[in-house]
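> just need the structure, nothing else, for what follows:
(2 chains)
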Amino acid sequence: MSDRTIVLDHLKFSYEGLFNATELYALIPEFFYNRNWDWHERVNEEIVTPEGKQIKLVFEPWKNTGDYYKIKMRIKMNLTDIKEVEVKHDGETLRLNQGLVKITFDAFVINDRKDLWTEKPFYWFLTTIFDRYFFKQHFQKYEQWVKHDVDELLYKIKSFLNTYKYSYHT
Amino acid sequence: MISEVNYEKSLIINNRQLKYNGLFRADELFSTLNRAIEERGYEKREKKSEEIVAEEGRKSYVELRPYKVITNYLTLMIKIKVTLDKVTEKLESARGEKKKYQQGEMLIAFDAWVLTDYKDRWGMKPGFYFLKGLMNKFVYKTPIESGVQGILVSDTAYIYAKVKQMLDAYRPGEERPQKEEEIRKQVEEELNKEIEAEAKFLSDNFSA
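You can find the predicted model right below:
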């Protein structure tokens, strides 16, 4: 089996207030589509309760960065007590949602994505040597790549929800 | 990325707080924090951000965990927890220009940790690991190990001073603003006193 290295572990974001759930849901796949990632929606559950909708989503988009490496993200979204509300803004009535959004991000770099180098112990040994001493820079490049994409996505979500944004820029 | 799970952690600075109430700019606060973190050679890392929009204002929480790798087995980490409460937006004019400011309560809490990972060192045997722990605690520390606490305290004091100085600039004329050097010295002394007091308490109560 190929090795999976976690490069971003449980980066958390949460927001409670008014927002447009449909637009938020559309924003994430669009982001990955624009960056040529492959899309995978692993979980999509919705429970309707008297307190509002409880929605659980897990996305696992990935991107093949070459014959050997692949980068992957896991985005867990929990929307709790989501209600539909009508808000008057500039004389217009807007239909929005009110509730709690919790998002957790994980990011991985996966080597030997085709599982070709794990058939024999010697092959596996070779991958370890090559990963450690020859492909280190490739690995670091993909690590930066996936981290940067997570930052951008989070920044987009924060901008969409109009929160006070922490960004890595000085 | 450092994986905090496998480290032996020791908390050096526990919940040093910086409180502020009044006008500020959130983007300036974060950019000051970022600059101070970078200047001290730390790798920036965001861990968590939360925001609640309520009628009395927004409540926002951002947790940063910048880290600095000293050796392969020794890392410093500062946990910076920024809480903004009851934040509303306000238009104020400064130097003839109208600018959008935030107004509310701010609390920044600093925790500083030394993370060591000696058990993963090549050739480290359980017996040697045990002896090293014992020696480090009671007999002798290598110069790098003994110096890290001072580095961590001075780095935390530096970040604290930068933020405090930035916040002081928002209330001109109230009192003579302290210089960054003064704040840094004062905070460093206070932190060192706290650490010494805690070490004394531990040695008085838990030594044989």
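
> B:Thr71 and B:Glu145 touch, don't they?
No: applying CB atoms under 8 Å as the test, B:Thr71 and B:Glu145 come out as separate, 9.4 Å apart. All C-beta atoms are positioned from the backbone trio N, CA, C, and that covers glycine.

> and the two? Which one has more around it.
Legend: neighbour count by other CB atoms under 10 Å in any protein chain shown for B:Thr71 and B:Glu145, higher for B:Glu145 (18 against 11).

> was I right to think the more buried one contacts B:Asn136?
Yes: using CB under 8 Å, B:Glu145 is in contact with B:Asn136, at 6.4 Å.

> can you tell me which residues contact B:Val87?
For B:Val87, the contacting residues are A:Tyr164, B:Ala26, B:Gly57, B:Arg58, B:Lys59, B:Ser60, B:Gln102, B:Gln103, B:Gly104, B:Glu105, by CB atoms under 8 Å, 6 or more residues apart in numbering or on different chains.

> and chain B, which residues reach chain A?
Listed as neighbours of chain A in chain B under the rule CB under 8 Å from any CB of the partner chain: B:1, B:3, B:26-27, B:30-31, B:34-35, B:38, B:44, B:46-54, B:58, B:60, B:62, B:64, B:84, B:87, B:102.

> so what's the backbone phi/psi at A:Thr65?
phi -100, psi 0 (degrees, to the nearest 10).

> any idea how far it lies from A:Lys83?
41 Å (CB to CB, to the nearest Å).

> who has more neighbours out of the two?
It is A:Thr65, of A:Thr65 and A:Lys83, that has more neighbours when counted by other CB under 10 Å, with 17 against 11.

> so that one sits against A:Phe139, correct?
No: when contacts are counted by CB under 8 Å, A:Thr65 is not listed as touching A:Phe139 (10.4 Å).

> pLDDT weak spots in the chain?
I went with chain A, as the question did not name one. By pLDDT under 70, the weakly predicted segments of chain A are A:169-170.

> wrong one, I was asking about chain B
B:1-6, B:94-95, B:119-123, B:172-177, B:206-208.

> buried stuff in stretch B:191-208?
Neighbour-count burial for stretch B:191-208 flags B:Leu191, B:Ile195 (criterion: 16 or more other CB atoms under 10 Å in any protein chain shown).

> what's next to it, contact-wise?
Under CB under 8 Å, 6+ apart, the answer for stretch B:191-208 is B:Ile12, B:Ile13, B:Asn14, B:Arg16, B:Gln149, B:Val153, B:Thr156, B:Ala157.

> ditto for stretch A:134-154
Against stretch A:134-154 from outside (CB under 8 Å, 6+ apart): A:5, A:7-8, A:11, A:13, A:28, A:31, A:35, A:37, A:65-66, A:68-69, A:71-73, A:75, A:105, A:107-109, A:111, A:131, A:167-168, B:1.

> in helices only, show me the residues you listed.
A:Ile28, A:Phe31, A:Asp131 (DSSP state H).

> want to throw these into CSV with distance to chain B and neighbour count?
Shown next, in CSV, are those (distance: CB to the nearest CB, whole Å; neighbours: other CB atoms under 10 Å in any protein chain shown):
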residue, distance to chain B, neighbour count
A:Ile28, 17, 20
A:Phe31, 18, 16
A:Asp131, 16, 19
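
> do I have it right that B:Ile144 meets B:Thr71?
Yes: counting by CB under 8 Å, B:Ile144 touches B:Thr71, with 6.6 Å between them.

> next, count neighbours for B:Thr186.
Thr isn't right for residue B:186; it's Gln. 15.

> give the other helices and strands that whichever strand or helix holds B:Ile144 contacts.
Using DSSP states H and E, the element containing B:Ile144 is helix B:143-168. Secondary-structure packing of helix B:143-168 (3 or more CB pairs under 8 Å, 6 or more residues apart in numbering or on different chains; DSSP states H and E): strand B:8-24, helix B:26-39, strand B:67-71, strand B:74-94, strand B:97-116, helix B:180-206.

> out of these, the one nearest A:Leu126 is which?
Closest approach to A:Leu126 among the helices and strands packed on helix B:143-168 (CB to CB): strand B:67-71, 28.8 Å.

> flag every buried residue along that closest one.
Buried residues in strand B:67-71 (16+ other CB under 10 Å): B:Tyr67, B:Lys68, B:Ile70.

> out of these, which is nearest to chain A?
Closest approach to chain A among the buried residues of strand B:67-71 (CB to the nearest CB): B:Tyr67, at 12.9 Å.

> now do the contacts for B:Ile144.
By CB under 8 Å, 6+ apart, the neighbours of B:Ile144 are B:Ile70, B:Thr71, B:Leu74.

> ok, A:Tyr68 to B:Arg40 distance?
37 Å.

> and for B:Pro66?
8 Å.

> and what of B:Glu28?
19 Å.

> who's more crowded, these two?
Each of B:Glu28 and B:Arg40 has its neighbours counted (other CB under 10 Å); B:Arg40 has more, 18 against 15.

> surely the more buried one and B:Lys68 touch.
Yes: under the contact definition of CB under 8 Å, B:Arg40 touches B:Lys68, with a separation of 7.3 Å.
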